[in-house]
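A.B. asks: Take this sequence and fold it.
(chains A, B and C)
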Amino acid sequence: MNGRASLATNLRVVRALGMRSVRQTFRRPQLIAPIIVFPTLLLAIQTGGASAAVELPGFPPVQSFLQFMLAGAIMQSLMLAGNSGGIALAVDIEMGFTDRLFAAPIPRFAIVLGRLAGTAALGLFGALWFLAIGLIFGAEIESGVAGALLAVALATAAACAVGGIGAAIALRTGSASVVQGLFPLVLVVLFVSSAFFPQELMIEPAKTIAAYNPLSFVAEGIREPMISGIDATDTLEALAAIAGIIILGLALSARALRHRLRVG
Amino acid sequence: MPAIVAEGLERAFGEVLAVQGIDLAVEEGEIYGFLGPNGAGKTTTVRMLTTLLLPTGGRASVAGHDVSAEARAVRRSIGVALQEAALDPLMTGRELIRLQATLQGIPTAEGRRRADDLLERVDLAGAADRRVGTYSGGMQRRLDLAAALVHEPRVLFLDEPTTGLDPVSRKTIWEEVRALNNEGTTVFLTTQYLEEADQLADDVGIIDSGRIVAEGTPESLKAEIGNPHIQLQLAEGSVAEAEAKLGEIGRLLPPKDGKKVLVEVENGAADIPRVVRILDEAGIAVEALELVRPTLDDVFVAKTGYHLEEESEENSEQEPVGA
Amino acid sequence: MEATAQLPAWRTNLATIGALMTRARNELLRVPGAAIPGVLAPTIFFLGLNGVFGALTQLNGFSTGSYEAFIVPVSMLQGAGFTGAAAGVNLARDIEAGWLDRLLVSPTPRWVLLAGTVLAASARALIPATFVIAIALALGAGFPGLDGLAIAYLMVAAMAAIAACWGSMLALRFKSQSAAPLMQSGMMALILFTPAYAPLALLSGWLADVARINPATDVLEAARQGFVGAVTWADTWPGLLAVAGMLALLGGLALREMRRTAV
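C.D. replies: Here you go, the predicted structure:
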């Protein structure tokens, strides 16, 4: 065998690790439950509790508050998916499984990419789940099948992006409980975005932060096809935000990997 | 009256019968060794005897109280140190023993005094105010043992008290168990170590697949297996020739590695001179000779068909006699 | 050879409850940062909900113009639910580690073992509640009055006890920490399927129906009354009754599980 693995070999490794992380995720109820249970619960509570919000002056025209909130639930789900992916990687590190991978002749990035495949699958699953819930409870997707596909694609990509940051933290700390402890932080960054409410109607200082929060752009990108129609600007802004998060995640992961290999 | 009695004791988990009708009687003041491999049903039996698990059949009593109907009374009479000493790593050793005293209804001042005494006794006085999480495995087991003694129980249950410990820590626990027994405490001890059962127990019960397959004193169990045998390594001369000569002395056992001759002898060491003389007369030179007594492992093999431990050399009682 | 010096049963029981509470306190004091999640979660919810849904008070039907005041008792109760459910998670961890066996082989009555866990959770829940109140007052929610504050704290302690019974019941049943999401989400549903975000009249139909029959609604209204108006007996007794009922039910179920765990 020659020293450098071919691209095809690397892709095979990524696929094998990806399959493992997908299987692992769906076999561990602790990983899948928070991604579905908590956002579903919160969706029910928020749509039931704040449904009258649509009567507020300045609220965008929507069919129902549920239709508006679906994007919020998907955002929450994909953020938690990213967090779960980080937890799973940290568990691997704690169990010594990653050492086995580090010791194998495969490029480091394949390890992270393989892990992200599991996260993407979770993101996809969450997006489909909430679309189904929306449809069952009467929320319409205004831009039809194309809009639904766009929303799902953006959500999956965003889950991957957020997962990169989760992976970076896992690689840096190597501790599942630290990554688990970020759970509340996930809610913080969502609360200061427009995921749950129109940005113009939020209260300061959340309102100002939400105006610049990249997650607001992702949320709007997922929401627009549902409540009105596919909008090029919103979609491009969402893609730009996702790209930004991916770059940040990759940079942090690369640093963390170097750190891990240095300190052992 | 026996301190522990079980009659047809059974425990099923769903379809699986983990303990299948155990009968045993442990006399007051005895050390009873419950010997068996992992998964044989030792822990399940202990959990039933210590009121942690309801039997699904049969009955058992400890210190004269029925484990099902009079669980509270049983709990007052027993001390328990369970496998893998369940200790709170955040507590200090002293706090743990005081908590145990409280659980047993001992007044605070008395509990403090006993905690101090016990920590001294198990040689943890110096570490008493350190958190349990910083203790070594041996220290944790000693602390667990001390906690089990805080109310001076009549019957002490020790579930694999030395599993995973180094030889020195193991000996320390053994000494403590012997001392307690000398003070009159009945000890029910489960173990997967032959040596432990052999060294400590007055009576041994061998459990396999949920049934007791042999019971008695270690000596009687070994005697049941048969006589000791002499094992010979020949310097020169044929195995067949040696066997032909030695057949007159006692029963021949299958040769070991094809080279060692094994002959059963009735009188143990007293038969050695005869063996040496016969071989000498036949001109067969012996390189090594040893007297091998039956071990509990032989008992185990005879009863179950397999060895309990891999490290059997360590436990066999081979007595090299010379070359 | 049995211990001769025995305390009267009631004193042993009290001492045991005290000792178990001390152990729970150790957990808080000896693990660095252990108190943080319990405080952080309700605080984040409080600040977050306020920032996101604050404009709701512009709608007709709110008896107060301050969403902080309206939402603060929700966050206090959420903190209590979170803390109580965490007591269940800790119990599951104790079961996994074999620690509970140590308690179960002692002659201590089973209800005493449960009471130690539950009362420790009640006491612990006062920490996040105090934290959330302090922030709310700093942000301009009006002081609820001493009577309002006392009732709010009482409801917090009771809700933590209810959550601890719920968590313990599940811990004893599943004997695994993997039941944690069920413990937490069950309490989240109980506390938030109420007029948590908006008054009953503004809730959507199905949630209003659920909230009407949810006993936690009475607990929330009792805790909230001082923050949004005056304290009245009419708003207090249903809360007390609901608390007593839920404690009796969940406490009874938890105790039954504890007894089934062993003899």
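A.B. asks: what residues does the stretch 1-150 of chain C put near chain A?
C.D. replies: C:37, C:40-41, C:44-45, C:47-56, C:58-59, C:61, C:67 (Cβ under 8 Å from any Cβ of the partner chain). The way it works is simple: take the backbone N, C-alpha and C, and place the C-beta from them, glycine included.
A.B. asks: Please pick the buried ones from these.
C.D. replies: Neighbour-count burial (16 or more other Cβ atoms under 10 Å in any protein chain shown) applied to these gives C:37, C:40-41, C:44-45, C:47-56, C:59, C:67.
A.B. asks: quick one: low-confidence ranges for the stretch 51-200 of chain A?
C.D. replies: A:105 (pLDDT under 70).
A.B. asks: mind showing which ranges of the stretch 101-250 of chain C have poor pLDDT?
C.D. replies: With pLDDT under 70 as the threshold, the stretch 101-250 of chain C has no low-confidence stretch at all.
A.B. asks: contacting residues for the closest residue to A:Ser64 other than its chain neighbours?
C.D. replies: Spatial nearest neighbour of A:Ser64, chain neighbours left out: A:Ala139 (6.1 Å); criterion: Cβ to Cβ, 6 or more residues apart in numbering or on different chains. Going by Cβ atoms under 8 Å, 6 or more residues apart in numbering or on different chains, A:Ala139 touches A:Gln63, A:Ser64, A:Leu66, A:Gln67, A:Leu70, A:Met226.
A.B. asks: ok, back up a step: among the buried ones among the residues of the stretch 1-150 of chain C next to chain A, which are in strands?
C.D. replies: Residues of these located in strands (DSSP state E): none.
A.B. asks: so which residue of the stretch 101-250 of chain B comes closest to chain A?
C.D. replies: Evaluated by Cβ to the nearest Cβ, the stretch 101-250 of chain B has B:Gly133 as its residue closest to chain A, separated by 15.7 Å.
A.B. asks: which residues sit in contact with that residue?
C.D. replies: Counting by Cβ under 8 Å, 6+ apart, B:Gly133 touches B:Pro89, B:Leu90.
A.B. asks: pLDDT wise, what is it at?
C.D. replies: In this prediction, B:Gly133 carries a pLDDT score of 88.
A.B. asks: helix, strand or coil for it?
C.D. replies: Under DSSP: H, G, I helix; E, B strand; the rest coil, B:Gly133 falls in the helix class.
A.B. asks: now the helices for chain A?
C.D. replies: Along chain A, the stretches classed as helices by DSSP state H are A:7-27, A:29-49, A:65-95, A:97-102, A:108-136, A:144-173, A:176-180, A:183-191, A:206-212, A:214-227, A:232-263.
A.B. asks: swap that for the stretch 101-250 of chain B, please
C.D. replies: B:108-121, B:137-148, B:167-182, B:194-200, B:218-225, B:239-246 (DSSP state H, counting those that start in this stretch).
A.B. asks: can I get those helices in JSON lines with mean pLDDT?
C.D. replies: Below are the helices of the stretch 101-250 of chain B laid out as JSON lines (pLDDT from 0 to 100):
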{"stretch": "helix B:108-121", "mean pLDDT": "92"}
{"stretch": "helix B:137-148", "mean pLDDT": "91"}
{"stretch": "helix B:167-182", "mean pLDDT": "91"}
{"stretch": "helix B:194-200", "mean pLDDT": "88"}
{"stretch": "helix B:218-225", "mean pLDDT": "83"}
{"stretch": "helix B:239-246", "mean pLDDT": "81"}
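A.B. asks: Out of the ones you listed, flag the one nearest B:Leu90.
C.D. replies: Nearest of the helices of the stretch 101-250 of chain B to B:Leu90, taken as Cβ to Cβ: helix B:137-148 at 13.6 Å.
A.B. asks: what helices or strands is the closest one leaning on?
C.D. replies: strand B:78-81, helix B:93-103, helix B:108-121, strand B:155-159, helix B:167-182 (3 or more Cβ pairs under 8 Å, 6 or more residues apart in numbering or on different chains; DSSP states H and E).
A.B. asks: could you dump the helices of the stretch 101-250 of chain B to TSV with mean neighbour count?
C.D. replies: Compiled in TSV, those are given as follows (neighbours: other Cβ atoms under 10 Å in any protein chain shown):
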stretch	mean neighbour count
helix B:108-121	18
helix B:137-148	24
helix B:167-182	16
helix B:194-200	23
helix B:218-225	17
helix B:239-246	16
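A.B. asks: For those, give me JSON lines that also has distance to A:Pro198.
C.D. replies: Output for the helices of the stretch 101-250 of chain B, formatted as JSON lines (distance: least, Cβ to Cβ, whole Å):
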{"stretch": "helix B:108-121", "distance to A:Pro198": "62"}
{"stretch": "helix B:137-148", "distance to A:Pro198": "58"}
{"stretch": "helix B:167-182", "distance to A:Pro198": "67"}
{"stretch": "helix B:194-200", "distance to A:Pro198": "72"}
{"stretch": "helix B:218-225", "distance to A:Pro198": "82"}
{"stretch": "helix B:239-246", "distance to A:Pro198": "96"}
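A.B. asks: Please list all residues in contact with A:Met75.
C.D. replies: A:Ala158, A:Leu190, A:Ser193, A:Ala195, A:Leu215, A:Val218, A:Ala219, A:Ile222.
A.B. asks: closest point of chain B to chain A, which residue?
C.D. replies: Of all residues in chain B, B:Pro89 sits closest to chain A, at 14.9 Å by Cβ to the nearest Cβ.
A.B. asks: Assign a three-state SS to that residue, would you?
C.D. replies: coil.
A.B. asks: Quick one: neighbours of it, just the number.
C.D. replies: Other residues lying near B:Pro89 total 13 when counted by other Cβ atoms under 10 Å in any protein chain shown.
A.B. asks: doesn't B:Arg130 make contact with it?
C.D. replies: No. Contact between B:Pro89 and B:Arg130 fails when scored by Cβ atoms under 8 Å: they sit 10.9 Å apart.
A.B. asks: Show me which of the contacts of A:Met75 is closest to chain B.
C.D. replies: For the contacts of A:Met75, the nearest to chain B is A:Leu190 (34.0 Å; Cβ to the nearest Cβ).
A.B. asks: Would you check how far apart the residue in the stretch 101-250 of chain A that chain B sits nearest to and A:Ile169 are?
C.D. replies: For the stretch 101-250 of chain A and chain B, the shortest gap (Cβ to the nearest Cβ) falls at A:Ser177, measuring 14.9 Å. Per Cβ to Cβ, to the nearest Å, A:Ser177 is found 12 Å from A:Ile169.
A.B. asks: what residue is smack in the middle of chain B?
C.D. replies: By Cα atoms, centre = their mean, chain B has its centre lying nearest to B:Ala197, at 2.4 Å.
A.B. asks: now that we're looking at that one, which residues does it contact?
C.D. replies: Contacts of B:Ala197 by Cβ under 8 Å, 6+ apart are B:Gly33, B:Leu35, B:Leu189, B:Thr191, B:Val204, B:Pro218, B:Leu296.
A.B. asks: now, among those residues, which is nearest to chain C?
C.D. replies: Nearest to chain C, judged by Cβ to the nearest Cβ, of the contacts of B:Ala197 is B:Leu189 at 16.2 Å.
A.B. asks: Output the residue of the stretch 1-150 of chain A whose distance to chain B is smallest.
C.D. replies: A:Glu94 (17.4 Å).
A.B. asks: what's the spacing between the closest residue to that residue other than its chain neighbours and C:Leu192?
C.D. replies: Nearest non-adjacent residue to A:Glu94, counting by Cβ to Cβ, 6+ apart: A:Ala176, 5.9 Å away. Separation of A:Ala176 from C:Leu192 (Cβ to Cβ) stands at 28 Å.
A.B. asks: Between those two, which is the more surrounded one?
C.D. replies: C:Leu192 (26 against 19).
A.B. asks: Now do the SS call for B:Ala60.
C.D. replies: strand.
A.B. asks: Quick one: residues contacting the nearest residue to it once chain neighbours are set aside.
C.D. replies: Computed as Cβ to Cβ, 6+ apart, the closest residue to B:Ala60 that is not its neighbour in sequence is B:Ala6, at 4.2 Å. B:Ala6 makes contact with B:Ile22, B:Asp23, B:Leu24, B:Ala25, B:Thr45, B:Leu49, B:Gly58, B:Arg59, B:Ala60 under the criterion Cβ under 8 Å, 6+ apart.
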